[in-house]
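J.: What follows is a predicted protein model with its sequence.
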Amino acid sequence: MEVLKSSFICTTPFNTQPSKPSKNPRSKTKPVIVLSSVTPDPWTLSDGNLEKPKPKSKNPKNPLSDDNARRIIKAKAQYLSALRRNQGSRAQTPKWIRRTPEQMVQYMEDDRNGNLYGRHVVAAIQRVRSLSRKPEGSYDIREVMGSFVTKLSFSEMCIVLKEQKGWRQVRDFFSWMKLQLSYRPSVIVYTIVLRMYGQVGKIKLAEQTFLEMLEAGCEPDEVACGTMLCAYARWGRHKAMLSFYSAVQERGLTLSVAVYNFMLSSLQKKSLHEDVMDMWRQMLDKGVAPNHFSYTVIISSFVKGGLAEEAFRTFDEMKSFGFVPEEVTYSLLISLSSKKGNQDNGLRLYEDMKLQGRTPSNFTCASLLTLHYKNEDYSKALSLFSEMERKKIVADEVIYGLLIRIYGKLGLYEDAQKTFEEIEKLGLLSNEKTYIAMAQIHLNSGNFEKALGILEQMRSKNIWFSRFAFIVSLQCYVMKEDLSSAEATFQALSKTGPPDANCCKKMLNLYMKLGLNEKAKDFIIQIRKDQVEFDEELLKTVMKVYCTLGMLRDAEHLIEEVSRSRSFEDSKLIQALSMAMDGDIRRLPRTEGAFEPLDQPGTMAFGFVLSLYLTDGNGSNAEEKLKMLLKTANGLSVASQLVCKFIREGKKLTYVVA
């Protein structure tokens, strides 16, 4: 690509002035031609014979490239198209349109027998193709094609080259072709060679051929450049492709939508969504009209790139131009709606997809089921599953897993178990999420033994344990009160990342339930050292441990530390604990000069603080907090409840009561 950049991008200028079509009056087709026979058309591809005059041009001093070949081909196509449109009793009609069915059969037979191109052209095609059976280097192409010298015109040699199926035969025949007297350098013939090299991934040969075309004085057009770009795109040479594309842009060439589609698709396959979006914008700026495939690719990149608004806007634009979206496009947008929790939009897309006659895939149904599951609309989820059965859409493991979760939410544990067994019988059970879903259902029903059995079954099949699997295992062992297994699982969970607050709370509850106060104390020290992020539930559990063990100083440090955390900025419990610890009566809530009654967080905070001082033996501070409590509107009632609670716990209250 370095050689190509230096020769093509830097030193070879493009013809930036577009070629003007010829004004030859014969190229204009009249609506009705009153002739009884077909006259020969003037658009004949040059065979390279210099004695044959070129078509007339308005500006002979500035001839078009390739002896006007591309213009001739396009004009001839327009000529034939006009003839087909203007058919009638007196219209000029090509011979092949006037053929009867029997004559058409004979026409196809002639093609097979070599009468269409000419027998010598078909013989040349077959001769070159036969070289594929010979080892490379075992033949001399000049000897093989010796009998065809001077027999093939330039256009016929192009036909032979185009009909080859192997890149070696294209290379060898092209080298022979350049030695013939009728050969003239042409963008068309070089494009044929570039296309073959690009199809088989011979990028280096394609680059060398492109440079040879430049050296031969052939000006590359949008077809040749597009062929080169498609070769880069097909084989994942994205850096070279983007560099070449920049050179093409600088010279003002406008590529076809097919070339853009090739590049967009290639970039998307490598998840280069930013590059896809950039090229999409450049394509629109160039005025290239996107087609159905272009919209499908860019919507997918917008979704995967996280640009939801752009994806939906482009989807609406696609429909406004009359393109019917593919099922995969609907599926991606329904999945996006599911992640955003937008149920109405997801259902609207699903109904639109059915109206367009698109059959939903498993992925689409799974996205809709997930949407219903998140919104707790279980009746619609079960209805969708019934619809899948009617339409004979085969459910996969993901859909069965969602169905199991829905049964679990509805409390239909037997149905969930039957579905799980059905998946196993069908041989679809392989995903860790399905096992965990069933284990959770058993755990929620209080049957931790069955949940552990599911996890052991999963382990026996060497299915990888995720972090969530360790969390479910820990919950099972805590419920079973299996301390050693719970501790081992907690250690394994810690290796996957910092444990969450809920797991720490369950371990603390297990230690306190088994009366292992010292282990609970050491555990708290460890999780604070590991900087586990606290939530209110874990804070309450730790405060209970501190109250039981009389760890007043540790409690004060914890409250001070947690109060600085952003996650507790609006926590009423932290505010109440700080107020109770400070003993500042002015911080009690007031209304018109009177103290308001304590809410539930305030009651809990005073309970923690009083318990801490009582356990620590600090009666004077406990008395101050109790007096502060009694000043609130419901203080006497709260104090009575706390005293009864402390008596049940065996705390000494003589100095407080006195």
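T.: Yep, that arrived.
J.: rest of the way, CA atoms for contacts and neighbours
T.: Fine.
J.: Assign a three-state SS to P135, would you?
T.: Three-state call for P135 (DSSP: H, G, I helix; E, B strand; the rest coil): coil.
J.: Now stretch 167-186: buried residues?
T.: Residues of stretch 167-186 classed as buried: 167-174, 176-177, 182-184, 186 (neighbour count, 16 or more other C-alpha atoms under 10 Å).
J.: which residues of the stretch 451-600 of the chain score low on pLDDT?
T.: Residues of the stretch 451-600 of the chain that meet the criterion pLDDT under 70 lie in 583-599.
J.: mind listing the strands for it?
T.: For the stretch 451-600 of the chain, the strands defined by DSSP state E, counting those that start in this stretch cover 590-591, 594-595.
J.: Now S338: closest residue in space that isn't a chain neighbour?
T.: Spatial nearest neighbour of S338, chain neighbours left out: L371 (4.7 Å); criterion: C-alpha to C-alpha, 6 or more residues apart in numbering.
J.: Share the number of residues neighbouring the one you found, please.
T.: Using other C-alpha atoms under 10 Å, the number of residues around L371 comes to 27.
J.: go on, G252?
T.: G252, neighbours per other C-alpha under 10 Å, totals 15.
J.: I'd like the distance between the nearest residue to W464 once chain neighbours are set aside and F468.
T.: The shortest distance from W464 to any non-neighbouring residue, by C-alpha to C-alpha, 6+ apart, is to E432 (7.2 Å). Look at E432 and F468: by C-alpha to C-alpha, to the nearest Å, they are 10 Å apart.
J.: Give me the more crowded residue out of these two.
T.: Between E432 and F468, counted using other C-alpha under 10 Å, E432 has the larger neighbour count: 17 against 13.
J.: Pull the contacting residues for the more buried one.
T.: Applying C-alpha atoms under 8 Å, 6 or more residues apart in numbering to E432 gives the contacts M458, I463, W464, F465, S466.
J.: In contact with the fourth one, which residues are there?
T.: Taking C-alpha under 8 Å, 6+ apart as the criterion, F465 is in contact with E432, R459.
J.: Next one: it relative to E387, how far apart?
T.: 34 Å.
J.: re the thing from before, redo the contacts of E432 as CSV? Include distance to P220.
T.: Listed next are the contacts of E432 as CSV, based on distance: C-alpha to C-alpha, whole Å:
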residue, distance to P220
M458, 62
I463, 57
W464, 55
F465, 58
S466, 56
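J.: Show only the entries of those found in helices.
T.: M458 (DSSP state H).
J.: Please indicate which of the contacts of E432 are buried?
T.: M458.
J.: which one of the contacts of E432 sits closest to A311?
T.: Of all the contacts of E432, A311 sits closest to S466, with 32.5 Å by C-alpha to C-alpha.
J.: so who does that closest one touch?
T.: With contact set as C-alpha under 8 Å, 6+ apart, S466 has these partners: E432.
J.: Same question for the one 3 residues further on.
T.: Under the criterion of C-alpha under 8 Å, 6+ apart, the contact partners of A469 comprise I436.
J.: can you check Q491 too?
T.: For Q491, counting by C-alpha under 8 Å, 6+ apart, there are no contacting residues.
J.: Could you check how far it is from L558?
T.: As judged by C-alpha to C-alpha, Q491 and L558 stand 24 Å apart.
J.: Repeat that for S186.
T.: Computed as C-alpha to C-alpha, the S186 to L558 distance reads 83 Å.
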